[in-house]
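In: would you be able to build a 3D model of this:
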Amino acid sequence: MLSFFRRLASPVTYTRWLHLLLPGTVVSVWLYISTDMPWVPVALAAGVGLVPGMRLAEGVQAQLLLTPRERGDPEASISVASSSSWSERWRTALWLEVRLVCAGVAGMSTVWLLATTVDLIRSSAGFATSDAWLVPGLGAQWWSAVLVPVPLVVLLAVVVVCGDVITAAARWLLGPTPVQRLTALEARTEQLLERNRIARELHDSIGHALTVAVVQAGAARAASDPVFTERALAAIEETGRNALDDLERVLRVLRETDAPPGQRPSLSEADRLLDSARGSGADVDAHVSGPLDQVPAPVSREGYRILQEALTNVLRHSGSVPVKVRIAVAEGKLDLKVTNPLISGTVVVPEGGSGLRGIRERASLLGGSARTGPYKGEWMVHASLPLDRIG
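Out: Numbering: from 1, shown residues only. This next block holds a predicted model:
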């Protein structure tokens, strides 16, 4: 009962009532013009429903009056688009027939029950109503005042029930089909994956550049050596230019949805990462083996980002320490390992760090694996990426 009264206090109950009464107005006008052909509105609704634009018009009206909270929501349960297939056209035609039936029930209830309320009021006031709508021969009866609320309560109950029925029918017949829902879900998933990829790209490239710049600036200020300061500023400038290039490429993808992502750095450009780390004071011992130029582009690009994040973590958390970088291409996989000693006071990055999580995600997406963390007194990042799973 309490739920019923809450429904009566909701504005959507009355917008649904209006939605139900609108077709009744058109039908009433037709019946007034031609009472001998009541079937015409039914046949006309079936034919009009096959017009592609009718689905758009009905969808807009249904969202506005039946589900106003979903208006403008791309994931609304009622679609706002023209029919694109015969299936959608037939569903729209069926929707119009259902709407006529619900409108007939609601319209007749509205007229009869309101008229009965008026008759009861007149009867209680001492006026005889021999032509009463639902109570024929109702005379002047004082006790009719007690019955006045009854038809109003029944009318409101009919409005609530018919509103629920027509809204459910709209969601079923005007809503997206299962295939359309699946397509929209796939598109949404692709969009989220692309956003996550761009976020990782920005984290790795810009984070690396800022780390190098901070380390270089701090070392230059502490050194008080003009030659070292000049070298540090040059390293900062080069790293900043590379970061700007990466940022421009990512922004181009965001601005132009249909544009190709462009050339992303690959392991063939790993030297610039190693030189940047060396310029920041790290003693980098790098060894590359195997045909690096034959590594598939997706694996090479993700390997570059993994190496970038590993070196960034070294500079950020350990500073100028010896770093061993091993890149090997053999036995159908790319093996990348970066290790550095754990010195006293080194901050151990937790497993939940976004950078380390990004490394593991990159490796997992390519069907490989990555391990990060302390190992025999060193901090290790070890990624193994298969080459034969990339078409």
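In: which element is the residue nearest to R69 when sequence neighbours are not counted on?
Out: Closest residue in space to R69, ignoring its immediate chain neighbours: V12 at 7.8 Å, by Cβ to Cβ, 6 or more residues apart in numbering. (Each C-beta comes from the backbone N, C-alpha and C, glycine too.) Using DSSP states H and E, V12 sits within helix 11-33.
In: then V288?
Out: strand 283-289.
In: which elements pack onto that strand?
Out: Judged by 3 or more Cβ pairs under 8 Å, 6 or more residues apart in numbering; DSSP states H and E, the packing partners of strand 283-289 are helix 270-279, strand 322-330.
In: just put those in TSV and tack on mean neighbour count and mean pLDDT.
Out: Output for the helices and strands packed on strand 283-289, formatted as TSV (neighbours: other Cβ atoms under 10 Å; pLDDT from 0 to 100):
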stretch	mean neighbour count	mean pLDDT
helix 270-279	19	82
strand 322-330	18	91
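In: nearest to R357, out of these?
Out: Closest to R357 of the helices and strands packed on strand 283-289 is helix 270-279 (Cβ to Cβ; 20.3 Å).
In: can you list contacts of that closest one?
Out: 208, 212, 216, 231-232, 234-235, 238-239, 242, 265, 284, 286, 288, 304, 307-308, 311, 314-315, 323, 325, 327 (Cβ atoms under 8 Å, 6 or more residues apart in numbering).
In: just the strands in the stretch 101-250 of the chain please.
Out: In the stretch 101-250 of the chain, no strands are defined using DSSP state E, counting those that start in this stretch.
In: where are the low-confidence patches of it?
Out: 128-142, 177-194, 201, 204-205, 208, 249-250 (pLDDT under 70).
In: could you turn the buried ones of the contacts of helix 270-279 into a ChimeraX selection?
Out: Here is the ChimeraX command that picks out the buried ones among the contacts of helix 270-279, judged by 16 or more other Cβ atoms under 10 Å:
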select :208,212,216,231,232,235,238,239,242,265,284,286,304,307,308,311,314,315,323,325,327
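In: which of the contacts of helix 270-279 fall in helices?
Out: Counting by DSSP state H, the contacts of helix 270-279 place 208, 212, 216, 231-232, 234-235, 238-239, 242, 304, 307-308, 311, 314-315 in helices.
In: returning to that earlier point: what mean pLDDT does the helix or strand that the helix holding V12 is followed by get?
Out: Downstream of helix 11-33, the next assigned helix or strand under DSSP H and E is helix 40-48. Across helix 40-48, the average pLDDT comes to 75.
In: list the buried residues of helix 40-48.
Out: P41, A45, A46.
In: and stretch 357-369, by the same measure?
Out: For stretch 357-369, by 16+ other Cβ under 10 Å, it's G358, I359, R360, E361, R362, A363, L366, G368.
In: is it true that the last one touches D388?
Out: Put plainly, it is G368. No: in this structure G368 lies outside contact range of D388 using Cβ atoms under 8 Å: 11.2 Å.
In: ok, G59 - contacts?
Out: By Cβ under 8 Å, 6+ apart, the residues touching G59 are I78, S79, V80, A81, L174.
In: one step back: could you give the mean pLDDT of the helix holding V12?
Out: For helix 11-33, the mean pLDDT works out to 78.
In: got it, and stretch 332-339?
Out: 92.
In: residues making contact with that stretch?
Out: 267, 295, 299-300, 303, 306-307, 310-311, 314, 323-329, 368, 375, 378-388.
In: pull out the buried positions in that stretch.
Out: Quick answer for stretch 332-339 (16+ other Cβ under 10 Å): K333, L334, D335, L336, K337, V338, T339.
In: where do the helices sit along the protein?
Out: Using DSSP H, helices in the chain cover 2-9, 11-33, 40-48, 52-65, 86-124, 144-147, 149-173, 178-223, 226-255, 270-279, 297-317, 354-365.
In: give me the angle between the fourth one and helix 149-173.
Out: It stands for helix 52-65. 130 degrees (axes from the mean of the first three to the mean of the last three Cα atoms, to 10 degrees).
In: centre of the chain to helix 52-65, how far?
Out: The chain centre lies 23 Å from the centre of helix 52-65; the measure is Cα atoms, centre = their mean, to the nearest Å.
In: flag every buried residue along that helix.
Out: Buried-residue list, helix 52-65, by 16+ other Cβ under 10 Å: M54, R55, L56, E58, G59, Q61, A62, Q63, L64, L65.
In: right, I'll call it a day here.
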